[in-house]
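Peer 1: using only what follows, build the 3D model:
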Amino acid sequence: MKFPGKQNSKMEAQDIVNKMMEGDYFSQWLGIKVLDLKPGSCLLKMTIKKDMLNGFGIAHGGITYSLADSALAFASNSKGKKSVSIETSISHIISLKEGDDISAEAHCETETDKLGHYAIKVFLTHDPDKVCALFKGIVYKTSKDW
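Peer 2: Numbers count the residues shown, from 1 in each chain. The predicted model follows:
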C-alpha cells in the first residue's frame, strides 16, 4: 500500500533491470534485449555479430556464456535483493554463426535466504527446441535492497 508523501522503497523488477542495464556496457555491446521479465525469471534475446566469431568462424563460447550470465544477473536481481554470482557453469551444445538470433531463458530453481540456484537455457529464437547451451548459476543474495 502506498501512502501519500511516502515512497515505496522496493523497486519493481523492470525498474531494477533498467537500472542495471544503464551501466552494463557489455550487455549493451552484446545487443541484449529484454523480452520478458518477472521476479526470479527473464527472457533475453541477441544476434550473433561478426566481431563475436572465433577463428573457426563460429560464435566464441564466451558469447553464449555472457548472454546466460546476464540472464542470471537480471533474473536474480529482479527479486529485489542485490545479488552476485558465486558459481556458474555452461555446457555448449550447438555452434552458432553470424546472424543467428539467440535467446536465454532464466528461472529460479531453488533458493534460501542467502542463495539462489538458477537454470538458464540458451536457444535459437526461431526454434526453442534447438538448445545451444545450458547454464547454471548460484547467486549470493546480499542484504541490500534495490
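Peer 1: and the helices in the protein?
Peer 2: Here the chain has its helices, by DSSP state H, at 13-23, 25-30, 61-77.
Peer 1: quick one: residues in contact with the first one.
Peer 2: In this case it means helix 13-23. Identification of contacts with helix 13-23 by CB atoms under 8 Å, 6 or more residues apart in numbering yields 11, 27-28, 32, 34, 37-39, 42, 73-74, 77-80, 146. No exception for glycine: its C-beta is placed from N, CA and C like everyone else's.
Peer 1: how far does stretch 92-110 sit from its chain's centre?
Peer 2: Centre-to-centre, stretch 92-110 and its host chain are 10 Å apart (CA atoms, centre = their mean, to the nearest Å).
Peer 1: how long is that stretch from one end to the other?
Peer 2: Separation of the first and last residues of stretch 92-110 by CA to CA, to the nearest Å is 23 Å.
Peer 1: and it, what's buried?
Peer 2: By neighbour count, and taking 16 or more other CB atoms under 10 Å as the criterion, the buried residues in stretch 92-110 are 96, 100, 102, 103, 104, 105, 106, 108.
Peer 1: most widely separated two among the residues you listed?
Peer 2: Distances among the buried residues of stretch 92-110 were taken as CB to CB; the most separated pair is 100 and 108, at 27.2 Å.
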